[in-house]
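Trainee: quick one: sequence and predicted model below, then my questions.
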Amino acid sequence: MKLSRQTLIALGVTGAGMLAAEDLTREQLNKMLEETATNPVKSELLPGACCYSPMPYPNRIEYLCPLCKTKTLHEKWEKTGRVQTADKYRNQMKRIRELGLDATLDETDLCSQCRRDKTTEGITFHILVTVDQRLVRTQLEYCDLEKVIAFLEKKDVWDSGAGGTHPLKDALPRIRKILGMGGDEATGKK
């Protein structure tokens, strides 16, 4: 039994109802985790570029909530950068679902109406993963979605985005947590 689209929307997630034809099971994911842990890294590891200036974020940006259609104006560069990141995350989540993981993105912190905690300034994204009817909600950290995509594509390295590659097996503890297959996953919590 899957969570209904209405339940996912009530949880504040986007992409609800856009799943692969058949979702990966816990058994399949465990097998993939074991293979990743035991297979040697065959790809060349690349250091990546460190000699460039990041693109500056705008001073102001308007966010249109895909759930409630409320427009929220963000004015600090930390927040405008997070708004711009939302499109990248949505595209990555689409790829994750195409690869068979029942996952959705919670971007409600960007919306003035949907935001759960209106007393804090921080903006965070969460990934919600359902495996065999078990929902796990995890706050996203740097390159989490890149790691999950590389894992689902059965690669041995993940790309940090600046041309650098890293062994995927080093990221397995984080991937296990996101999948709810580790010891300290944040099941159902913010």
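Mentor: Looks like it came in fine. Numbering: from 1, shown residues only.

Trainee: so what does the lengthiest helix in the chain touch, helix or strand wise?
Mentor: With secondary structure taken from DSSP state H, the chain has its longest helix at helix 77-98. Identification of packing neighbours for helix 77-98 by 3 or more Cβ pairs under 8 Å, 6 or more residues apart in numbering; DSSP states H and E yields strand 61-64, strand 71-74, strand 102-106, helix 144-152. C-beta here means a position set from N, CA and C on the backbone, and glycine is covered the same way.

Trainee: out of those, which one sits most buried?
Mentor: Relative to the other members of those, strand 102-106 carries the highest mean neighbour count by mean count of other Cβ atoms under 10 Å, namely a mean of 24.

Trainee: for that one, the averaged confidence score.
Mentor: Along strand 102-106, the predicted local confidence has a mean pLDDT of 95.

Trainee: residue ranges of the strands in this protein, please?
Mentor: Assigned strands in the chain, in chain order: 61-64, 71-74, 102-106, 126-131, 134-139, 157-159, 165-167 (criterion: DSSP state E).

Trainee: so where is this structure shaky, pLDDT-wise?
Mentor: Across the chain, the stretches falling below the confidence threshold (pLDDT under 70) are 1-21, 50-55, 77, 183-190.

Trainee: now the longest helix of the chain against helix 144-152, angle please.
Mentor: On the basis of axes from the mean of the first three to the mean of the last three Cα atoms, to 10 degrees, helix 77-98 is oriented at 20 degrees to helix 144-152.
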